[in-house]
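Visitor: quick one, fold the following:
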Amino acid sequence: MLDVIGFGAINLDLIYQIDSLSDLSGQGIELQPGRELWAPPEIFSRVLERVKQRGVMKTASGGGSAANTIVALARMGFKTGFIGKVGEDREGRRLRDEMEGVDLRGILVGGASGKCLSILDGNRDRAILLKTGANDTLSADEIDFGYARDARYIHLTSFLAEEPFLAQRALAEQIQPPARISLDPGEVYARRGLTDLLPLLERTFVLFVTEREIHVLTGLDRFQGSRRLLEVGPSMVVCKRGEKGVYFLSRDEEFELPAQSVDVRDNTGAGDVFDAGFLAGLLMGRPLRESASFATRIAAKSLTGYGRTRYPGREDPGFFEGPDS
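Guide: Down below sits the predicted model:
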């Protein structure tokens, strides 16, 4: 049995740094710090060309929220798998190659691979532009649900298109205890609204969200909004607050933890690494506060490098035994 199977969009991350996002205005889409937007291929290509002219490429690596979380867990020694779709192209082969130690039986191939342009400005604010590619074509008919049921956790993250969203809903309906679902909806799913997301939320054990996503889903702040979300299904809500730390709420426990201060190079995927750390704690049977503390530490570590270069390794679960645990 696998510990965690991730199910979400998978993209080739292209990480660039520029002086100011305003240098990219006039390309058919207005990028904003902290926001994730998507574009048709012609606009994506136009923005990418401008970024190449005005910026410096820092790295290119496999990405996608669930894929990042699963790779981080695999590096820590957990048994992981992934459900997603890559293209029949050079990028697709690279994406599979970079799923280090992950069971690839659930990865489908077809079309062109998705790409994610991650742009850091002089203030280390990040704007994201997606070209979805093969991710949009994944459907429930292509998925081996028997494979997906062979895991302790199914970790779901967002797709832009309707078909893969419906595939996740179909899978969620088949997950039975003791298997559990963790969900990180991101801004994409949050914008669907609470009613549309309810079939997933009702079956979710742990929900990872940001303050912005809580407000989009409920119209409330993190305290009241997290309580509202607990009412519709999840057993626990983990609110990721970036440099402000984390807020946790379950029916039995509530706490906040500060973030660690580090020299930030790239915040791409830091929230995904946080998810990996928290899930690692759950898999190891550690207390919730300790799991959140560990997640905060390895997320901070990831901030100190570009892409996946500073993701956790096999030595990191040892932090649970450290003096700050």
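Visitor: I figured residue 147 was touching residue 107, is that so?
Guide: No - between residue 147 and residue 107 there is no contact under C-beta atoms under 8 Å: 10.8 Å. Using the backbone N, CA and C atoms, a C-beta is placed for each residue, glycine as well.
Visitor: tell me where the model's unsure across the chain.
Guide: For the chain, the stretches flagged by pLDDT under 70 are 124, 317-325.
Visitor: then stretch 271-282 to CSV, C-alphas only?
Guide: The C-alpha trace of stretch 271-282 is given here as CSV (Å, rounded to 0.1, in the frame of the first residue of the first chain):
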residue,chain,number,x,y,z
GLY,A,271,2.8,25.8,0.4
ASP,A,272,3.0,22.4,-1.3
VAL,A,273,6.0,21.5,0.9
PHE,A,274,4.0,22.6,3.9
ASP,A,275,1.3,20.1,2.9
ALA,A,276,3.9,17.4,2.7
GLY,A,277,5.3,18.1,6.1
PHE,A,278,1.8,18.1,7.7
LEU,A,279,0.9,14.9,6.0
ALA,A,280,4.2,13.4,7.1
GLY,A,281,3.2,14.1,10.6
LEU,A,282,-0.2,12.5,10.2
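Visitor: in that stretch, what's buried?
Guide: For stretch 271-282, burial by neighbour count (16 or more other C-beta atoms under 10 Å) applies to 271, 272, 273, 274, 275, 276, 277, 278, 279, 280, 281, 282.
Visitor: in helices, which of those residues fall?
Guide: The helices, defined by DSSP state H, take in 271, 272, 273, 274, 275, 276, 277, 278, 279, 280, 281, 282 from these.
Visitor: all helices for the stretch 101-250 of the chain, in order.
Guide: Residue ranges of the helices in the stretch 101-250 of the chain, as given by DSSP state H, counting those that start in this stretch, are 145-148, 162-174, 186-190, 194-201, 211-218, 222-232.
Visitor: would you list the ones you listed in CSV and tack on distance to residue 30?
Guide: Output for the helices of the stretch 101-250 of the chain, formatted as CSV (distance: least, C-beta to C-beta, whole Å):
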stretch, distance to residue 30
helix 145-148, 38
helix 162-174, 25
helix 186-190, 16
helix 194-201, 26
helix 211-218, 18
helix 222-232, 28
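Visitor: turn those into a markdown table, including distance to residue 72 and mean neighbour count.
Guide: Conversion of those to a markdown table gives the following (distance: least, C-beta to C-beta, whole Å; neighbours: other C-beta atoms under 10 Å):
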| stretch | distance to residue 72 | mean neighbour count |
| --- | --- | --- |
| helix 145-148 | 20 | 15 |
| helix 162-174 | 21 | 18 |
| helix 186-190 | 17 | 20 |
| helix 194-201 | 22 | 17 |
| helix 211-218 | 21 | 20 |
| helix 222-232 | 24 | 18 |
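Visitor: so which of these is nearest residue 52?
Guide: helix 186-190 (26.0 Å; C-beta to C-beta).
Visitor: ok, which of the helices of the stretch 101-250 of the chain comes nearest residue 263?
Guide: Using C-beta to C-beta, the nearest of these to residue 263 is helix 211-218, at 24.1 Å.
Visitor: which other helices and strands contact that closest one?
Guide: In terms of contacts (3 or more C-beta pairs under 8 Å, 6 or more residues apart in numbering; DSSP states H and E), helix 211-218 is packed against helix 186-190, helix 194-201, helix 222-232, strand 236-240.
Visitor: thinking again about what came up before, which neighbours do residue 147 and residue 107 share?
Guide: Residues touching both residue 147 and residue 107 by C-beta atoms under 8 Å, 6 or more residues apart in numbering: residue 83.
Visitor: so in that sheet, which strands flank the strand or helix carrying residue 3, and in what orientation?
Guide: Using DSSP states H and E, residue 3 falls within strand 2-7. Strand 2-7 has its sheet partners listed here by DSSP bridges as strand 80-86 (parallel), strand 151-157 (parallel).
Visitor: need these in a markdown table (columns: distance to residue 263 and mean neighbour count).
Guide: Below are the strands paired with strand 2-7 laid out as a markdown table (distance: least, C-beta to C-beta, whole Å; neighbours: other C-beta under 10 Å):
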| stretch | distance to residue 263 | mean neighbour count |
| --- | --- | --- |
| strand 80-86 | 29 | 27 |
| strand 151-157 | 27 | 25 |
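Visitor: figure out which of those is closest to residue 291.
Guide: That would be strand 151-157 among the strands paired with strand 2-7, by C-beta to C-beta, at 13.0 Å.
Visitor: the closest one to helix 194-201, inter-axis angle?
Guide: 160 degrees (axes from the mean of the first three to the mean of the last three C-alpha atoms, to 10 degrees).
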